[in-house]
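Asks: after the sequence you'll find the predicted model.
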Amino acid sequence: MTGILGMDKISSRHIIHQRIFYYCCIALVFLLPVYGRLIPPIIAVMTMNWLIEGRFVKIFPQIFKDPRKWWTFSFSLIYLLYLVGLLYSSNFQYGWFDLEIKLSLFLFPLLFSTLDESVFDPAKIKFICKMFVLGCFTGSIILLIHALFSKLLYNTEDSFVYSNLSWSFHPSYFATYLAFAIAIIADFVFLNYNKMTVQARAGLMILVLFFFAIVFLLSSKAGIGSLILITVLYILFVMFRKKMFRLGISLIIISTLCFYAAFNLFPYVVMRITKSNTITTLNESSMRSDTSSTSERLVIWKTSWEIIKQHFIFGVGTGDVKDELMKKYKEKNLQALFEHKLNTHNQYLETFIALGIIGFLALLAMLILPGIRAIRTGNYLYFVFLMIFSFNILVESMLEIQAGVVFFAFFNSFFFWTGNGWVKLPYNSIK
């Protein structure tokens, strides 16, 4: 009798710890696009909850026996490589700081690979995705209210565009969140199209158009590129996977009109894109006097490649990336880049500089292999998530700051572990 009571207590305690983890996941995805400073405390609670429960002592050895657990945990490999990269770094202080920023790359694969199957059911998976969309909506409203007050009280010029609008986030990062929120809505609509009422479809379409407009107000070229990417991917999905050719043709017409209207309604975006096209024809000496983000990126990428060629196999080490870039900026008299201490604005190059070809290939594998599996298992939303992230890290070093690391580390582990990256089900997304 005592043994049964003891088992009941353990079971009840385990359920409480599972609920705490689930509620933390909800808080994290909602707050990520709303107020990023609360994210570290939430991750700390998740980790402490995991440690206090203590089941990892029993479960951790199973990781190496259970393929699903092992594949989930393998996402932490990139972090372990950065840890090794610290061993041959000169700047240990910056190296430790960098590892602290990237800690989510290790924690989330570890936490998810030691979870029970029962933590997430389809309803909970769907709810977490809904909460991220709600967070994006809430964050957007906050930005618009702030921009309105800024305009009314201080008469701030262009208060509703670019960094003046996105005062609490880098515009490209917030645009990435919104692009993924649109993908979540699109996935839900297209998988439930025939079951939904006209009113429900119209309401979600209005929400998509709202996010679409905010991305254009943010004037993020990467964000707009993500919108185009999502549009193409879901048109292909509707026409060739769902065999809904009429809807696909309608989407082509509607999306073409939306992009045409947006480019005419938001001239600031057109100005930035036009300037980008002009800059690509300039030489390096001309770019030194240009302060646009595109000009800076082109010079930085060229400089980064020079460092990569000198440290091709193992890289410069986790802690020395910034120092090597600063040294090169100084050598090439790139004063503006040196003063602002800019990183590579390309995660592929950033990782290549730090860890060499080994780290670069590990990063590619972490994106390509799950993407292939997502297609095979019918999880189009996970595939689209990986495509959005892979595209955006071409122009941003998203694994160098919390806003990018947590976004990728959480959703990548979440989608893979919840079965969407493992169990083969037809169109296994948000239904």
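Replies: Cool, got the structure. Numbering: from 1, shown residues only.
Asks: from now on I want contacts and neighbour counts done on CA atoms only, so please keep to that.
Replies: Fine.
Asks: residue 342: what secondary structure?
Replies: For residue 342, the reduced secondary structure class is coil; criterion used: DSSP: H, G, I helix; E, B strand; the rest coil.
Asks: what's the distance between it and residue 100?
Replies: Note on residue 342: its distance to residue 100, by Cα to Cα, to the nearest Å, is 19 Å.
Asks: give me the more crowded residue out of these two.
Replies: residue 342 (16 against 11; other Cα atoms under 10 Å).
Asks: what sits against that one?
Replies: By Cα atoms under 8 Å, 6 or more residues apart in numbering, the contact list for residue 342 is empty.
Asks: and for residue 346?
Replies: For residue 346, the contacting residues are 301, 393, 394, 395, 396, 397, 398, taking Cα under 8 Å, 6+ apart as the criterion.
Asks: please redo it, this time with the cut-off set to 6 Å
Replies: By Cα atoms under 6 Å, 6 or more residues apart in numbering, the residues touching residue 346 are 393, 394, 395, 396, 397.
Asks: max pairwise distance over the residues you listed: which two?
Replies: Between all members of these, the longest pairwise span (Cα to Cα) is found for 394 and 397 and amounts to 7.8 Å.
Asks: quick one, which of those two is more surrounded?
Replies: The neighbour comparison of residue 394 against residue 397 (other Cα under 10 Å) goes to residue 397, with 20 against 16.
Asks: list the contacts for the more buried one?
Replies: Contacts here follow Cα under 6 Å, 6+ apart; on that basis residue 397 touches 345, 346, 347.
Asks: and the gap between the residue nearest to it when sequence neighbours are not counted and residue 84?
Replies: Counting by Cα to Cα, 6 or more residues apart in numbering, the nearest residue to residue 397 once its immediate chain neighbours are dropped is residue 347, at 4.1 Å. Taking Cα to Cα as the measure, residue 347 falls 18 Å from residue 84.
Asks: more neighbours: which of these two?
Replies: With neighbours defined as other Cα under 10 Å, residue 347 and residue 84 compare such that residue 347 has more, 22 against 14.
Asks: what's the closest non-adjacent residue to residue 399?
Replies: Leaving aside its chain neighbours, residue 399 sits nearest to residue 405 (4.7 Å; criterion: Cα to Cα, 6+ apart).
Asks: where's the one you found, which helix or strand?
Replies: Secondary-structure assignment from DSSP states H and E places residue 405 in helix 402-415.
Asks: just give me the neighbour total for residue 266.
Replies: Taking other Cα under 10 Å as the neighbour definition, residue 266 ends up with a count of 15.
Asks: for it, give me the pLDDT.
Replies: For residue 266, the model assigns a pLDDT of 87.
Asks: which ones are touching it?
Replies: Counting by Cα under 6 Å, 6+ apart, residue 266 touches no other residue.
Asks: how about it, phi and psi?
Replies: phi -120, psi 80 (degrees, to the nearest 10).
Asks: count the residues that sit near residue 53.
Replies: As a burial measure, the neighbour count of residue 53 was computed by other Cα under 10 Å and equals 15.
Asks: who are the contact partners of the closest residue to residue 413 other than its chain neighbours?
Replies: Counting by Cα to Cα, 6+ apart, the nearest residue to residue 413 once its immediate chain neighbours are dropped is residue 109, at 5.6 Å. The contact partners of residue 109, taken as Cα under 6 Å, 6+ apart, are 72, 73, 75, 76, 413.
Asks: show me which pair in the residues you listed is furthest apart.
Replies: When these are compared pair by pair using Cα to Cα, the two farthest from each other are 76 and 413, 9.8 Å apart.
Asks: more crowded one of these two?
Replies: The residue with more neighbours, out of residue 76 and residue 413 and counting by other Cα under 10 Å, is residue 413; that gives 24 against 21.
Asks: how deep is residue 146 tucked in, by neighbour count?
Replies: The local packing of residue 146 (other Cα under 10 Å) involves 18 other residues.
Asks: wait, I meant residue 232
Replies: Using other Cα under 10 Å, residue 232 has 14 neighbouring residues.
Asks: need the pLDDT of it.
Replies: The per-residue confidence score, pLDDT, reads 96 for residue 232.
Asks: one step back: pull the CA atoms of the helix holding residue 405 into PDB?
Replies: What follows is helix 402-415 as a C-alpha-only set of coordinates in PDB (Å, rounded to 0.1, in the frame of the first residue of the first chain):
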ATOM      1  CA  GLN A 402      19.100  36.200 -27.900                       C
ATOM      2  CA  ALA A 403      16.200  37.300 -30.200                       C
ATOM      3  CA  GLY A 404      17.500  34.900 -32.900                       C
ATOM      4  CA  VAL A 405      19.000  32.100 -30.800                       C
ATOM      5  CA  VAL A 406      15.900  31.500 -28.700                       C
ATOM      6  CA  PHE A 407      13.600  31.800 -31.800                       C
ATOM      7  CA  PHE A 408      15.500  29.100 -33.700                       C
ATOM      8  CA  ALA A 409      16.500  26.800 -30.800                       C
ATOM      9  CA  PHE A 410      13.000  26.600 -29.300                       C
ATOM     10  CA  PHE A 411      10.900  26.200 -32.400                       C
ATOM     11  CA  ASN A 412      13.400  23.800 -34.100                       C
ATOM     12  CA  SER A 413      13.400  21.500 -31.000                       C
ATOM     13  CA  PHE A 414       9.700  21.900 -30.500                       C
ATOM     14  CA  PHE A 415       8.600  21.000 -34.100                       C
END
